[in-house]
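Student: Pasting the sequence and the predicted model now:
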4 protein chains.
Amino acid sequence: MIVVMKRGATPEEIQHMIRRVEEFGLKAHPIYGTERTVIAAIGEKRDEYRQSLESGPGVAEVVPILAPYKVASREVKPEPTVIRVGSLVVGNSHVGMIAGPCSVESEEQTLSTARAVKLAGATALRGGAFKPRTSPYSFQGLKEEGLRILAAARDETGLAVVTEVVADEDVELVARWADVLQIGARNMQNYRLLEAAGASGRPILLKRGPAATMDELLLAAEYILNAGNPNVMLCERGIRTFETHTRFTLPLASVPYLHERTHLPVIVDPSHGTGHANLVVPMACAAIAVGADGIIMEVHPNPETALSDGYQSLDFDQFGQAMTLLRKMADCMGRQITLNEEVPAPA
Amino acid sequence: MIVVMKRGATPEEIQHMIRRVEEFGLKAHPIYGTERTVIAAIGEKRDEYRQSLESGPGVAEVVPILAPYKVASREVKPEPTVIRVGSLVVGNSHVGMIAGPCSVESEEQTLSTARAVKLAGATALRGGAFKPRTSPYSFQGLKEEGLRILAAARDETGLAVVTEVVADEDVELVARWADVLQIGARNMQNYRLLEAAGASGRPILLKRGPAATMDELLLAAEYILNAGNPNVMLCERGIRTFETHTRFTLPLASVPYLHERTHLPVIVDPSHGTGHANLVVPMACAAIAVGADGIIMEVHPNPETALSDGYQSLDFDQFGQAMTLLRKMADCMGRQITLNEEVPAPA
Amino acid sequence: MIVVMKRGATPEEIQHMIRRVEEFGLKAHPIYGTERTVIAAIGEKRDEYRQSLESGPGVAEVVPILAPYKVASREVKPEPTVIRVGSLVVGNSHVGMIAGPCSVESEEQTLSTARAVKLAGATALRGGAFKPRTSPYSFQGLKEEGLRILAAARDETGLAVVTEVVADEDVELVARWADVLQIGARNMQNYRLLEAAGASGRPILLKRGPAATMDELLLAAEYILNAGNPNVMLCERGIRTFETHTRFTLPLASVPYLHERTHLPVIVDPSHGTGHANLVVPMACAAIAVGADGIIMEVHPNPETALSDGYQSLDFDQFGQAMTLLRKMADCMGRQITLNEEVPAPA
Amino acid sequence: MIVVMKRGATPEEIQHMIRRVEEFGLKAHPIYGTERTVIAAIGEKRDEYRQSLESGPGVAEVVPILAPYKVASREVKPEPTVIRVGSLVVGNSHVGMIAGPCSVESEEQTLSTARAVKLAGATALRGGAFKPRTSPYSFQGLKEEGLRILAAARDETGLAVVTEVVADEDVELVARWADVLQIGARNMQNYRLLEAAGASGRPILLKRGPAATMDELLLAAEYILNAGNPNVMLCERGIRTFETHTRFTLPLASVPYLHERTHLPVIVDPSHGTGHANLVVPMACAAIAVGADGIIMEVHPNPETALSDGYQSLDFDQFGQAMTLLRKMADCMGRQITLNEEVPAPA
């Protein structure tokens, strides 16, 4: 950290802050500039003391130098994490393709979608059984019955199941039925849930909150990693900005940015990230072009009758055409969209 | 709702959408404009069908006309809700003043703060026992021991205790010790928690999420109200914008906006809303000027040594001076900052 | 437009608003809903009357149905506009590749860059002679001398020259030397400049302002089109959001969105849109994947010594490698990056 | 500046950057931390070299320590600037009250407004003669005829006239008729205009752009100050955020923030900052509570028929009531809203 003193800071204030830095077990290295004094605080300690130092007398600001996350950091583990779970593989040369309905509405709807997306080349099935909904008056999901339907779809198609868990007390139940636990954008900083997900042993798909910074996303992942679970997929699903022509703004530069900072794979969700079916495929292409390790996409037999998110869902035909293009795109980038069992074991 | 058809929509598409609107039990009222057709969908039904209609063929967009929330709406209950709990009263002519440390760190720290803020005129005590922290490496709160300390402070000072609950399974425990349950910004859309808070019987202070719209905030309140709890205080604590000179951007216009839409009282948090101690008092003044029903503010015996949020905490002297100014300001606005027991019963 | 009345609007207020709508030459079509009345205002008139209607008694809001722009609209001209100027062609199957230094610093720097980008496959040369700079203490450009150098680079390489004009009184001068006039993000709503650019006869590259909505961008283009100049390229260069890991947030969904709304070609600027050289190439790939009609990119012989924007500039090697990838990507999307003269005339 | 090297930076890269810092005439002070090396660059030089240093090999980022603006800085001139022009005085204990129509529409409309706002206590008249409008199809202002009308209103009422200038070539004309030249939000970074305004000798009211940071606003002011004009009033008029219930988000914390950083007075525009007449007065109160040196507000004889911005304009009665409250508020804050001639000369 660099403690930047105010222009008029007194020698006493500077001495005080040097002492404070040292009390935290850091080495204080003051630099007397022409207009201001700054104190470099050297050591392995992270963010914890930043807040205390910022409240010191004569301090203008404290500038962090080290990233606040550790285990997620590429500095700690330079090689990319590849996650394999059932049919799904993401990371390195593998692009996972997770497709399915927003909500599990019925066995028929879910199974027909699972069959269609498998046929078109998807490598995992998504579907919501527990639905966090903005309005208490909206459909809230089939809950455990939904999990059972998803498992039936896996049994038939072989596709790994990705589904959301919305509360720590549900983790055990959802982990019993699903292959990958999704933590939704609204829960990105639900730390009790993150810890429970960390303890579950299941791979986690962690969605970025719509107002979360990259550091906050990585610190949320750190909660899971810290709880002993190394298999975290980060998911960019859009942020809230002044743009209203899309439901959220999907900032794809976060993919290469994250790839530099972390070894964790990065998935992109163009369905929530745009909120309009006609923008989903172009943005899925762009996500692969920018280096995403996976795509998660909403597909429904008949989007017009979907109980949620129909306006951003593709139908089977649209998804089939999208997959043709996305495979070409992955190929162009030297990557592949393939089921886990078809992938030859690494040398 | 108004279903806006695309310019080139065919008569078949228009007929199809008229049928869809009618299937939802709404009356369809098509209007054939010079460039486009729009279909007004009339009835009491709300948002639920909007998504389905948006996926229809030839539809450009669906424009809602009615607010998606009901019980929170001023149209349903025109008179403002006044909440009285222990020493605290908020709403109508009463401005509540909730002050105390970000975290409960020790009995000594909490009691001395409670005494100081009581003396200066605060009407409730805040303090975090369960602390949701961005980093897993930060101080996470004293938990149940913190609740015990808060209750001791109430016993001595008579101040009502406001403290955060971070998970639905903790609601019962926290409700045993606290007077008001705070739901933090990160948990504004943790619906399981909202429902548990609704069932607790305790008044709830619901903080706006940093990317939440006004409708989303009111729908979150609706989850609590719907669970049978009429005592919800909304809290504006800042949104995330491109501004970096403040920790969040505190949009005070949300206070009069909410007062027009809802009967629920609105509290402002200038500590989190600015993130800098020197901006807290000016923004607290502005909050009262704009009509806030309460202020929640961080106060610490020695902000420099606080385990969290020291940079935005006032010390006792600063808080005392702030209260002098805030009382003057409330008086100027025809309102009062007084302990509940001192308030004469309404005629 | 739809005039939405407040819930409690009186019959007099509704009658008043019906009369107001009719006074504007629109047909008023009131719809009496269960909770509110709305008045559809039918006719060809646009935004102009919206503001007046919004101030009417008992009005809750006015919802526009028609886009406020006309000439730029795809509804008016369904086929995409292709712009050809010197070596540059953008639109339809053609992807233009505009590369060069942020600032023209010297003849040597500009000519060597022009040669290098030509060799690598660029189809136009960019370079700033008039530089709008945030700080009055920063390098402000070589001005007319810079234009002369750019023209010399065109004479030698055959590359069309794209350069910024910052004031209406400079349009004539810049148009004398340059092939395409760029209007920068800061000047997107400098209407005097837009009108002068419209009158210049030169194709215009119009950059989106960092807080501009899509409608505002298209209305800015409308100023130019209205002045009789049909050759406007829109340029997405990033918006301001809470993200700080990139200089701006580059929302690529605006490309397919604009393609639906307007016939004008859309260029993407990944240099300003990210602000980091290492993010430029991934985002350029993504831009082509999402359907951009051109890329504008900063290239410098030695970014470390650039007088401006070095941190987001590629060197010659990086640009050469980028072009290899971008050509592959364009090919994958069924498009081509080629000099205008090499393009066979359309059938 | 602090040059932060990447974790794996080589000794050669570090040496290279030390040399670079020294080449810029700064003193390099390397600090070898446990995880990274940082190089403090000491000297009076500002931002200029930051960009170059950021492009250096092995550099992670460059953190500025000094503010990029100089003449606007409170460090250079600690006492607040008070601006007196005709009837208007802003700064220190004086709160200016600038009121009038968005657009000058006619002599009758402007004069009646001038009389009404004078009577209610306004200290200056606003009114737009040159109107920058988002759409080319909207009313563009009466131009020179509008200036003549404003001058007539000043002649009759004695109120100083504040009006916008939209292009550098108009500065001389507008300065001939007006007392204060307003530079609008869209032109905050129109540097040619800023320089011309600086040369005009007239006090300038400089509006913040809706995506401008505080530093960018102060650097825009610096262009004017640098051109020899010390009389700049900064105006906060709202920023663009995801909020849609207000036209812009008015971040009042910028007032005390700016007061700490600069000696220039700060005006608040609650009309544009909210975009709804019913939110204007509460936010004007809040602006005074937070320490604003002036308010600029839209008033119209009949907002419903205004040619622009009627939805955010007060009528005469509303303005009269507002003034009663605002005077009380100013009094509460120890400040005064008075015409310049009535102010006793400072001791």
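Tutor: Structure received.

Student: can you list contacts of the longest helix anywhere in chain A?
Tutor: In chain A, assigned by DSSP state H, the helix with the most residues is helix A:316-332. Outside helix A:316-332, the residues that touch it by C-beta atoms under 8 Å, 6 or more residues apart in numbering or on different chains are A:95, A:97, A:99, A:113, A:116-117, A:119-122, A:277, A:280-281, A:284-285, A:288-289, A:295, A:297, A:299, A:301, A:314, A:336-337, C:289, C:328-329, C:332. C-beta here means a position set from N, CA and C on the backbone, and glycine is covered the same way.

Student: report the angle between the axes of that helix and helix C:316-332?
Tutor: Note on geometry: by axes from the mean of the first three to the mean of the last three C-alpha atoms, to 10 degrees, helix A:316-332 and helix C:316-332 are set 150 degrees apart in direction.

Student: Tell me how far helix A:316-332 lies from the chain's centre.
Tutor: In terms of C-alpha atoms, centre = their mean, to the nearest Å, the centre of helix A:316-332 is found 23 Å from the chain centre.

Student: Check stretch A:329-345 too.
Tutor: In terms of C-alpha atoms, centre = their mean, the gap separating the centre of stretch A:329-345 from the centre of its chain is 21 Å.

Student: can you pull the pLDDT of residue A:172?
Tutor: Listed pLDDT for residue A:172 reads 97.

Student: Tell me, how many residues neighbour the closest residue to residue A:78 other than its chain neighbours?
Tutor: Closest residue in space to residue A:78, ignoring its immediate chain neighbours: residue A:263 at 7.0 Å, by C-beta to C-beta, 6 or more residues apart in numbering or on different chains. Per other C-beta atoms under 10 Å in any protein chain shown, the neighbour tally for residue A:263 reads 20.

Student: Show me which positions of stretch A:255-263 end up buried.
Tutor: A:255, A:256, A:257, A:258, A:259, A:261, A:262, A:263 (16 or more other C-beta atoms under 10 Å in any protein chain shown).

Student: do stretch A:240-249 as well
Tutor: A:240, A:241, A:242, A:243, A:245, A:246, A:247, A:248, A:249.

Student: tell me how far stretch A:308-324 is from the chain's mean position?
Tutor: 22 Å.

Student: no, scratch that, I was asking about stretch A:20-39
Tutor: Worked out by C-alpha atoms, centre = their mean, stretch A:20-39 lies 37 Å from the chain centre.

Student: where exactly do the helices run in the stretch 1-150 of chain A?
Tutor: Under the criterion DSSP state H, counting those that start in this stretch, the stretch 1-150 of chain A contains helices at A:11-23, A:50-54, A:107-120, A:144-157.

Student: what's the closest of these to residue C:207?
Tutor: Of all the helices of the stretch 1-150 of chain A, helix A:50-54 sits nearest to residue C:207, with 37.4 Å by C-beta to C-beta.

Student: Need the residues that contact that closest one.
Tutor: With C-beta under 8 Å, 6+ apart as the criterion, helix A:50-54 contacts A:1, A:3, A:17, A:20-21, A:24, A:41, A:59, A:61-62, A:64, B:304-306, B:308-311.

Student: circling back to that earlier point, between the longest helix of chain A and helix A:107-120, how many degrees?
Tutor: With the same axes, to 10 degrees applied, the angle from helix A:316-332 to helix A:107-120 works out at 30 degrees.

Student: Quick check: buried residues in stretch A:11-25?
Tutor: By neighbour count on 16+ other C-beta under 10 Å, the buried set for stretch A:11-25 is A:13, A:14, A:16, A:17, A:18, A:20, A:21, A:24.

Student: Hmm, I typed the wrong one, I wanted stretch A:28-36.
Tutor: By neighbour count with 16+ other C-beta under 10 Å, stretch A:28-36 contains the buried residues A:28, A:29, A:31, A:33, A:36.

Student: cool, and stretch A:83-101?
Tutor: For stretch A:83-101, by 16+ other C-beta under 10 Å, it's A:83-91, A:93-101.

Student: Now do the end-to-end distance for it.
Tutor: 23 Å (C-alpha to C-alpha, to the nearest Å).

Student: Now do that stretch, average pLDDT.
Tutor: 97.

Student: just to revisit the earlier point, turn the buried residues of stretch A:255-263 into JSON lines, columns for pLDDT.
Tutor: What follows is those, written out as JSON lines (pLDDT from 0 to 100):
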{"residue": "A:255", "pLDDT": "98"}
{"residue": "A:256", "pLDDT": "98"}
{"residue": "A:257", "pLDDT": "97"}
{"residue": "A:258", "pLDDT": "98"}
{"residue": "A:259", "pLDDT": "98"}
{"residue": "A:261", "pLDDT": "95"}
{"residue": "A:262", "pLDDT": "97"}
{"residue": "A:263", "pLDDT": "97"}
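
Student: now whatever residue of the stretch 1-150 of chain A ends up closest to chain C: how far from residue C:241?
Tutor: Proximity of the stretch 1-150 of chain A to chain C (C-beta to the nearest C-beta) peaks at residue A:67, 11.2 Å away. Per C-beta to C-beta, to the nearest Å, residue A:67 is found 21 Å from residue C:241.

Student: Around chain C, which positions in chain A sit nearby?
Tutor: Within chain A, the residues that sit near chain C (C-beta under 8 Å from any C-beta of the partner chain) are A:211, A:213-214, A:239, A:241-246, A:249-257, A:260, A:273-274, A:278-279, A:282-283, A:285-291, A:328-329, A:332-333.

Student: Inside helices: which ones of the residues you listed?
Tutor: Using DSSP H, the residues of chain A next to chain C in helices are A:214, A:254-257, A:260, A:273-274, A:278-279, A:282-283, A:285-289, A:328-329, A:332.

Student: Could you pull out the strands in the stretch 151-300 of chain A for me?
Tutor: Assigned by DSSP state E, counting those that start in this stretch, the stretch 151-300 of chain A shows strands spanning A:160-164, A:180-183, A:204-207, A:232-236, A:266-268, A:294-298.

Student: where are the low-confidence patches of chain A?
Tutor: Counting by pLDDT under 70, the ranges of chain A that qualify are A:44-48, A:342-347.

Student: Swap in 50 and give it another go.
Tutor: For chain A, residues meeting the criterion pLDDT under 50 lie at A:345-347.

Student: domains for it, by residue range?
Tutor: Domain assignment for chain A by automatic domain parsing gives A:2-63, A:83-342.

Student: Which positions in the stretch 51-200 of chain A make contact with chain D?
Tutor: By the rule C-beta under 8 Å from any C-beta, the part of the stretch 51-200 of chain A lying against chain D is A:63, A:65, A:66, A:75.

Student: Now for the closest residue to residue A:269 other than its chain neighbours, how many residues are close by?
Tutor: Computed as C-beta to C-beta, 6+ apart, the closest residue to residue A:269 that is not its neighbour in sequence is residue A:237, at 3.9 Å. Using other C-beta under 10 Å, residue A:237 has 21 neighbouring residues.

Student: is it true that residue A:237 touches residue A:208?
Tutor: Yes. Between residue A:237 and residue A:208 there is a contact under C-beta atoms under 8 Å: 6.0 Å.

Student: joint contacts of these two?
Tutor: Joint contacts of residue A:237 and residue A:208 (C-beta under 8 Å, 6+ apart) are residue A:185.

Student: Now residue A:292: closest residue in space, sequence neighbours ignored.
Tutor: Closest to residue A:292 by C-beta to C-beta, 6+ apart is residue A:268, at 4.4 Å.

Student: so what's the one you found up against?
Tutor: A:235-237, A:250, A:252, A:255, A:283-284, A:287, A:292, A:294-296.

Student: Same question for residue A:5.
Tutor: By C-beta under 8 Å, 6+ apart, the contact list for residue A:5 reads A:13, A:14, A:17, A:36, A:37, A:38, A:39, A:58, A:59, A:60.

Student: can you check residue A:143 too?
Tutor: Counted by C-beta under 8 Å, 6+ apart, residue A:143 has contacts A:129, A:130.
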